[in-house]
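[1] generate coordinates for the sequence data below:
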Amino acid sequence: MSISEEKKNAIIEALNSIRPYLQADGGDVEYVDYVDDVVQVRLKGACGTCPSAMMTLQMGVERAIREKLPEIKGVVAV
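    Numbers count the residues shown, from 1 in each chain. Here you go, the predicted model:
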């Protein structure tokens with residue numbers, strides 16, 4: 001099932017809202033795909049190897065996306 005442009009834009013907008021905080025710590029996040037209502041992202045830079053990556057993913061990235069798309073099942077790093 002392909003993702004609608006509206007949904008993809010909402011995800012990217014959510015990622016853009018949190019990006020400055022990630023970049024301030026030397027990291028970044030990139031949208032990869034949306035499969036079965038789960039958003040796949042790639043944590044980059046310092047976020048990719050940070051011991052707090054799971055916390056960043058759940059409390060930062062997933063929270064920001066859920067504000068735009070509450071129907072998602074989750075966010076995973078790939």
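
[2] all strands for this protein, in order.
    27-35, 38-45, 74-77 (DSSP state E).

[3] do you know which of the ones you listed lies nearest residue 54?
    Go through the strands of the chain one by one with C-beta to C-beta and the one that ends up closest to residue 54 is strand 74-77, at 8.2 Å. C-betas here are computed from N, CA, C, even on glycine.

[4] buried ones in the closest one?
    75, 77 (16 or more other C-beta atoms under 10 Å).

[5] note down every partner strand of it and its orientation.
    As defined by DSSP bridges, the strand partners of strand 74-77 come to strand 38-45 (parallel).

[6] okay, buried residues for the strand it pairs with please.
    39, 41, 43.

[7] can I get the CA coordinates of it in CSV?
    Only the C-alpha atoms of strand 38-45 are listed here, as CSV (Å, rounded to 0.1, in the frame of the first residue of the first chain):
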residue,chain,number,x,y,z
VAL,A,38,4.6,2.1,10.9
VAL,A,39,6.9,5.0,10.0
GLN,A,40,10.4,4.0,9.2
VAL,A,41,13.2,6.6,9.8
ARG,A,42,16.9,6.6,9.7
LEU,A,43,18.7,8.3,12.6
LYS,A,44,21.9,9.9,11.3
GLY,A,45,25.0,11.4,12.7
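
[8] can you name the residues in contact with it?
    Counting by C-beta atoms under 8 Å, 6 or more residues apart in numbering, the neighbours of strand 38-45 from elsewhere in the structure are 11, 15, 22-23, 26-34, 48, 50, 53, 56-57, 61-62, 65, 72-78.
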